[in-house]
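Asks: let's see this in three dimensions:
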Amino acid sequence: MFENAFKRIDDALWKDAGCTSELDYTEQSSWLLFLKYLDALESDKAIQAELEGRRYNFILEAEYRWENWAAPKDEDGKIDHNKVLVGDDLIAFVNGKLFPYLHGFRERATGPDTIEYKIGEIFGEIKNKIQSGYNLRDVIEHIDELRFASQSEKYELSHLYEDKIKNMGNAGRNGGEYYTPRPLIRAIIDVVQPPLGKTIYDGAAGSAGFLCEAFDYLRRNHPDRSIKQENTLQTKTFYGKEKKSLAYVIAIMNMILHGIEAPNILHLNTLAENISDLQDKDRFDIVLANPPFGGKERKEVQQNFPIRTGETAFLFLQHFIKILRMGGSAGIVIKNTFLSNTDNASVALRRELLENCDLHTVLDCPSGTFQGAGVKTVVLFFKKGAPTKKVWFYQLDPGRNMGKTNPLNDHDLQEFVELQKTFAASEKSWSVDVADIDKTSFDLSVKNPNGGEAVAHRKPCDIMDEIVLLDEDSAGVLRTIRELL
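Replies: I've put the predicted structure just below:
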């Protein structure tokens, strides 16, 4: 229904000198999509208020509503080109009036959980990069074709937007930063099985893939929700934090398109919080996350954690353990080297995890799970409150070399999800008693006793093929820049 509109939006952005990558395409279409969505939301609420005999107080003043500045209509419901802003006039309005006005909502909002606060936060963090007012006019008119009226329309829009996020994540060698493969997320959620009414948290939200998939899971498994349960699902279930501006904007838009009207996503550095200050009211029932791996944090940030390390992912893991309620469950993606590193921080963190949580499952993911990331990962599944007695390992082997053209799919993970229910032994799965683990190193290396390889190395030719594909993407961007010079 809307696929062609999304393609035309990208085509129009590709022509603009200010947009040179998939990241730019997603960012610029996101703020416009948000304003189009806000217009649809306000129109629905105004109609509802009229039917109930009430007056609706619009969030935006008339001059700044989509229907007035972006897409004024004539009597036939078509865009009135005698009234629209174009060219330099359009750019001057957007940059000089619209963005400053929208940014001001952050100060005027009553709290961070309101749509007003989200408006102010979004438009204080991103800027309009579209330089040509004529290109911007084209993009606006394509976005105006999109509709948010029905569930089927929102469903299609959410899937198209997810495709944009996936393309953005695969556009460079930092693929895992913005995009966690959705089949992996769905398998993690199937194992954790979040109940309706429990709080779900991701302190490294990225594009909010975990929260969106958890929302879909709960809607799918609880179709006969009461009004109270629906309100809880909408407003008191999903919580997240995200440090990076672009990821924050994408997370908000992604959750909105999935059906959450005012996402509880905070724009801040999770690791800047001292975990010793966390109280029970700050904790959550379930933690689902893929924290950034490979990053390094400053010394002052490391001071917020009892186990000092510059490795970002290890700091996040401490945060997740601390913020999880007693009896709560977690599914965390982390580099596989966490299981065997011999540095003091890694050993101390593994000990902390085994002694204070029940690390019941470790999923060993093959190379290529994260496109372009260049690292192997594992998923840690644990419950807080009791020490680990036995760890069940599963070594995922999809039977092919995964890459950009052969990504992970839901079928690849079906056996894992099924065997995990009973911690069954197989050629790919086995259990390890914690009593047998070396108490000086707490080494949890993946060592399949059934003949599986501890590390499945990819063929050099396959690695080279993927490098070529990634370099072709980069070369395409450079050609575009050269043509514009």
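
Asks: flag the shaky bits of the protein, pLDDT-wise.
Replies: 1, 149-151, 155, 168-178, 294-295, 372-374, 451-466, 477, 483-485 (pLDDT under 70).

Asks: got the domain boundaries for it?
Replies: For the chain, automatic domain parsing gives the domain ranges 3-149, 170-458.

Asks: select, out of those, the one closest to residue 478.
Replies: For these, the distance to residue 478 is smallest for domain 3-149, at 9.2 Å, taking Cβ to Cβ. The way it works is simple: take the backbone N, C-alpha and C, and place the C-beta from them, glycine included.

Asks: correct me, but residue 356 touches residue 383?
Replies: No - at 10.5 Å, residue 356 does not count as touching residue 383 under the criterion of Cβ atoms under 8 Å.

Asks: coming back round to it: which of the domains of the chain sits most buried?
Replies: When you average the neighbours per residue for each of those (mean count of other Cβ atoms under 10 Å), domain 170-458 leads with a mean of 18.

Asks: how about the domains of the chain in JSON lines, adding distance to residue 474?
Replies: What follows is those, written out as JSON lines (distance: least, Cβ to Cβ, whole Å):
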{"stretch": "domain 3-149", "distance to residue 474": "10"}
{"stretch": "domain 170-458", "distance to residue 474": "7"}
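
Asks: among the ones you listed, which is nearest residue 164?
Replies: Nearest to residue 164 among these is domain 3-149 (5.0 Å), distances taken as Cβ to Cβ.

Asks: please compute how far the closest one lies from its chain's middle.
Replies: Its chain's C-alpha centre and that of domain 3-149 lie 22 Å apart, by Cα atoms, centre = their mean, to the nearest Å.

Asks: strands along the stretch 1-150 of the chain, start to end?
Replies: Across the stretch 1-150 of the chain, reading from the start of the chain, there are no strands by DSSP state E, counting those that start in this stretch.

Asks: helices of that one, residue ranges please.
Replies: Ranges of helices within the stretch 1-150 of the chain are 3-14, 22-51, 66-69, 87-93, 99-103, 105-108, 115-125, 133-143, based on DSSP state H, counting those that start in this stretch.

Asks: same thing with the stretch 151-300 of the chain?
Replies: If you assign secondary structure with DSSP H, counting those that start in this stretch, the helices in the stretch 151-300 of the chain sit at 151-169, 182-192, 209-221, 227-235, 245-258, 299-302.

Asks: among the ones you listed, which comes closest to residue 412?
Replies: Using Cβ to Cβ as the measure, helix 182-192 is the one of those that comes nearest residue 412, at 6.7 Å.

Asks: which one of the helices of the stretch 1-150 of the chain lies nearest to residue 202?
Replies: The stretch from those with the least distance to residue 202 (Cβ to Cβ) is helix 115-125; that distance is 16.9 Å.

Asks: how far off helix 22-51 does that closest one point, in degrees?
Replies: Inter-element angle recorded for helix 115-125 and helix 22-51: 150 degrees (by axes from the mean of the first three to the mean of the last three Cα atoms, to 10 degrees).

Asks: which secondary structure elements does helix 115-125 contact?
Replies: Contacting helix 115-125 under the criterion 3 or more Cβ pairs under 8 Å, 6 or more residues apart in numbering; DSSP states H and E are the following elements: helix 22-51, helix 99-103, helix 105-108, helix 245-258, strand 264-267.

Asks: out of the domains of the chain, nearest to residue 480?
Replies: Distance to residue 480, taken as Cβ to Cβ, is lowest for domain 3-149 among the domains of the chain, at 6.0 Å.

Asks: residue 433 and residue 390 touch, don't they?
Replies: Yes - look at residue 433 against residue 390 with Cβ under 8 Å: they come within range, at 5.5 Å.

Asks: is it true that residue 215 touches residue 238?
Replies: Yes - judged on Cβ under 8 Å, residue 215 makes contact with residue 238 at a distance of 6.4 Å.

Asks: anything in contact with each of the two?
Replies: Any residue near both residue 215 and residue 238 by Cβ atoms under 8 Å, 6 or more residues apart in numbering counts here, and that gives 255, 260.

Asks: that older thread, redo the helices and strands packed on helix 115-125 as a markdown table? Include distance to residue 291.
Replies: As requested, the helices and strands packed on helix 115-125 are exported to a markdown table (distance: least, Cβ to Cβ, whole Å):
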| stretch | distance to residue 291 |
| --- | --- |
| helix 22-51 | 20 |
| helix 99-103 | 29 |
| helix 105-108 | 26 |
| helix 245-258 | 13 |
| strand 264-267 | 16 |
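
Asks: wait, which of these is closest to residue 78?
Replies: Nearest to residue 78 among the helices and strands packed on helix 115-125 is helix 22-51 (16.4 Å), distances taken as Cβ to Cβ.
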